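J.: how would this look folded up:
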Amino acid sequence: MSDFFGASRPGREVTHGAATFELPILYFRDDAFAAFFTCDRRAARQTLPSDRLHPVTLPGGKALLAVAAFHYLDTTIGPYGELGVALPVTYGRPAPPVLPGLLEARWPGFGLVILHLPVTTTRARDAGRGEWGYTKFVADMDFWNTPESQRCRLHDQGQLILDLTVPRCGVALPDHRPLILFSVKAGQLVRTVIPQRATTRTALHPRGASLRLGRHPLADTLRELQVGPRPFMTRYFVERAGILPAGEVVQTGVRPLEGWRGDEREGELRVTYR
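T.: Numbering: from 1, shown residues only. All right, here's what the predicted structure looks like:
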């Protein structure tokens with residue numbers, strides 16, 4: 001793993017708001033898991049900031065939505081919690097209907113458009129919004145880790161946003177594909193390629209996987225996308241490390257993608273291991 005991080009230093013120091021940090025940001029250890037849902041293709045397309053972005057679809061025409069939770073235990077910007085809501089897309093031309101696991105990082109232009117990215121610290125929020133334009137806001141998170149599953153409850157000062165549970169199941173395989181994210185900063189579409197080294201377990205239609213939505217403006221945006229009641233695929237990271245560099249501008253004059261702003265405060269992060 002030392003060879004993986006070796007070329008990332010020395011970096012360069014940047015400051016955004018309350019966050020002064022070195023780019024790229026290094027992620028040495030985290031607990032991470034994700035679930036993939038179907039959603040309405042037309043609603044997904046209307047959400048995207050550029051007409052050159054195309055939702056990835058399944059056979060039958062449904063678009064996809066990913067919900068992923070991360071408890072970052074050891075990073076160069078400090079520990080924090082994060083939950084991402086994203087649309088798998090291709091940039092430039094649409095891809096054929098296919099399972100996203102077969103498409104990721106193989107089809108030209110594949111990536112994830114970040115719709116919402118709540119975090120538990122103002123430092124992580126200011127860094128993400130300032131450097132990449134990520135739709136970050138400060139929220140509260142409870143993580144539960146058991147031998148059977150991982151769970152994240154996302155809430156905003158007592159108001160439930162969502163509750164995600166992913167079972168620890170599937171065949172363990174090494175995964176060295178980069179995570180590719182799209183965001184909008186000052187009217188520019190930014191593409192960021194995040195190298196990863198991971199071992200993952202991926203399962204189709206797993207038992208015990210669930211997503212419960214609360215009564216919050218962010219949850220309402222998921223209802224507007226007509227998100228399916230149960231995930232058709234989940235991914236649990238047995239281990240994972242990543243390198244978050246600066247992004248590159250791939251298009252100018254795109255539509256804004258602001259997300260929920262939230263309040264000016266520090267969030268709460270609670271973690272329970274059984």
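J.: Now for Asp175: which residues touch it?
T.: Under the criterion of C-beta atoms under 8 Å, 6 or more residues apart in numbering, the neighbours of Asp175 are Gln196, Ala198, Thr199, Thr200. Glycine gets a C-beta too; all of them are placed from N, C-alpha and C.
J.: whoops, Ala246 was the one
T.: Applying C-beta under 8 Å, 6+ apart, one finds that Ala246 lies in contact with Leu23, Pro24, Glu131, Trp132, Thr192.
J.: So which of those residues sit within helices?
T.: Of the positions in the contacts of Ala246, Glu131, Trp132 sit in helices, assigned by DSSP state H.
J.: re earlier: and the furthest pair within the contacts of Asp175?
T.: Of all pairs drawn from these, the greatest distance, 10.6 Å, lies between Gln196 and Thr199 (C-beta to C-beta).
J.: in the chain, which helix or strand is least confident?
T.: Each helix and strand of the chain was given a mean pLDDT (mean pLDDT, DSSP states H and E); the minimum falls on helix 100-103 at a mean of 51.
J.: Between Gln196 and Thr199, which is the more surrounded one?
T.: Applying other C-beta atoms under 10 Å to Gln196 and Thr199 shows that Gln196 carries more neighbours, namely 18 against 14.
J.: Surely that one touches Ile180?
T.: No - with contact defined as C-beta atoms under 8 Å, Gln196 does not reach Ile180; the gap is 10.4 Å.
J.: Can you list the strands that the biggest strand by length in the chain pairs with?
T.: Residue-count comparison of every strand in the chain, with assignments taken from DSSP state E, identifies strand 25-39 as the longest. Partner strands and pairing direction for strand 25-39 (DSSP bridges) are strand 63-75 (antiparallel), strand 233-244 (antiparallel).
J.: mind giving me CSV with these and columns for mean neighbour count and mean pLDDT?
T.: Formatted as CSV, the entries for the strands paired with strand 25-39 read as follows, by neighbours: other C-beta atoms under 10 Å; pLDDT from 0 to 100:
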stretch, mean neighbour count, mean pLDDT
strand 63-75, 22, 97
strand 233-244, 21, 96
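J.: can I get those strands in TSV with distance to Phe37?
T.: What follows is those, written out as TSV (distance: least, C-beta to C-beta, whole Å):
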stretch	distance to Phe37
strand 63-75	5
strand 233-244	9
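J.: residues in contact with Lys77?
T.: For residue 77 the amino acid is Ile, not Lys. Residues near Ile77 by C-beta under 8 Å, 6+ apart: Ala19, Phe21, Ile25, Arg123, Ala124, Ala127.
J.: Please apply the same query to Gly128.
T.: With C-beta under 8 Å, 6+ apart as the criterion, the residues that contact Gly128 are Leu117, Val119, Tyr134, Lys136.
J.: farthest pair in those residues?
T.: Longest distance between any two of the contacts of Gly128 is 9.0 Å, between Val119 and Tyr134; criterion C-beta to C-beta.
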